[in-house]
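**Student:** sequence plus the predicted model coming up.
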Amino acid sequence: MRVRDFKPEDMERVLEIEHESFKDPYPRSLLEHIHNLHPDGFMIAEINDEIVGYIIGVMRWGGTGHVLAVAVSPPYRRRGVGKSLMVNMMDRLQRKGASRIRIEVRASNTVAQSFYQKLNFRQRRIVPSYYSDGEAAILMQYTFSD
Ligand SMILES: CC(C)(COP(=O)(O)OP(=O)(O)OC[C@H]1O[C@@H](n2cnc3c(N)ncnc32)[C@H](O)[C@@H]1OP(=O)(O)O)[C@@H](O)C(=O)NCCC(=O)NCCS
């Protein structure tokens with residue numbers, strides 16, 4: 001498996017994974033917008049030249065990195081692809097000056113919560129009605145040690 005920067009021609013496959021993975025997938029226009037604003041904030045994972053996952057992470061103010069999305073195509077889950085994407089993105093954000101990484105996860109998404117916990121993210125607080133359907137988000141954070 002290798003992790004590399006996203007290229008515009010990867011968009012169709014990323015959208016497929018997005019639709020397989022989320023009930024409220026990001027539209028193409030938003031993904032394109034994020035890529036235009038943050039070209040190095042979008043990475044994909046591939047196995048034998050097939051795109052199997054992607055991640056988007058950006059820098060916010062005050063040394064906070066923010067992972068906006070990470071998803072792995074269902075048949076390729078539980079093989080370390082998500083972890084590789086996160087480790088690569090966390091490393092990139094740290095080199096850009098992040099001292100912490102923040103993510104929001106649906107309260108019902110216990111798989112993602114276990115995934116982030118395994119990567120040493122800790123639950124910080126609950127944000128009621130964060131999602132458009134009214135579901136709460138759990139805000140989780142990883143802090144780099146000095
Ligand atoms: C969350 C997601 C990205 C994880 O990707 P993945 O490639 O399957 O994860 P990994 O194989 O790297 O798993 C790393 C660790 O996370 C934990 N984990 C991953 N999937 C898990 C599951 N289904 N149940 C419990 N723990 C899980 C495990 O501790 C795992 O380590 P292990 O396999 O050695 O036990 C993937 O399930 C996914 O795309 N889900 C749908 C989209 C989503 O919810 N994204 C997050 C939104 S905030």
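**Tutor:** It's in. Numbering: from 1, shown residues only.
**Student:** surely Lys83 and Leu119 touch.
**Tutor:** Yes. Between Lys83 and Leu119 there is a contact under CB atoms under 8 Å: 6.8 Å. No exception for glycine: its C-beta is placed from N, CA and C like everyone else's.
**Student:** looking at the protein, which residue is nearest the ligand?
**Tutor:** Proximity of the chain to the ligand (CB to the nearest ligand atom) peaks at Gly82, 2.4 Å away.
**Student:** not counting residues beside it along the chain, what's closest to that residue?
**Tutor:** Excluding its sequence neighbours, the residue lying closest to Gly82 (CB to CB, 6 or more residues apart in numbering) is Val72, at 4.9 Å.
**Student:** touching, Val3 and Gly82? I think so.
**Tutor:** No. Using CB under 8 Å, Val3 is not in contact with Gly82, being 11.0 Å away.
**Student:** which one's more surrounded, the two?
**Tutor:** Ranked by neighbour count (other CB atoms under 10 Å), Val3 and Gly82 place Gly82 first, with 24 against 19.
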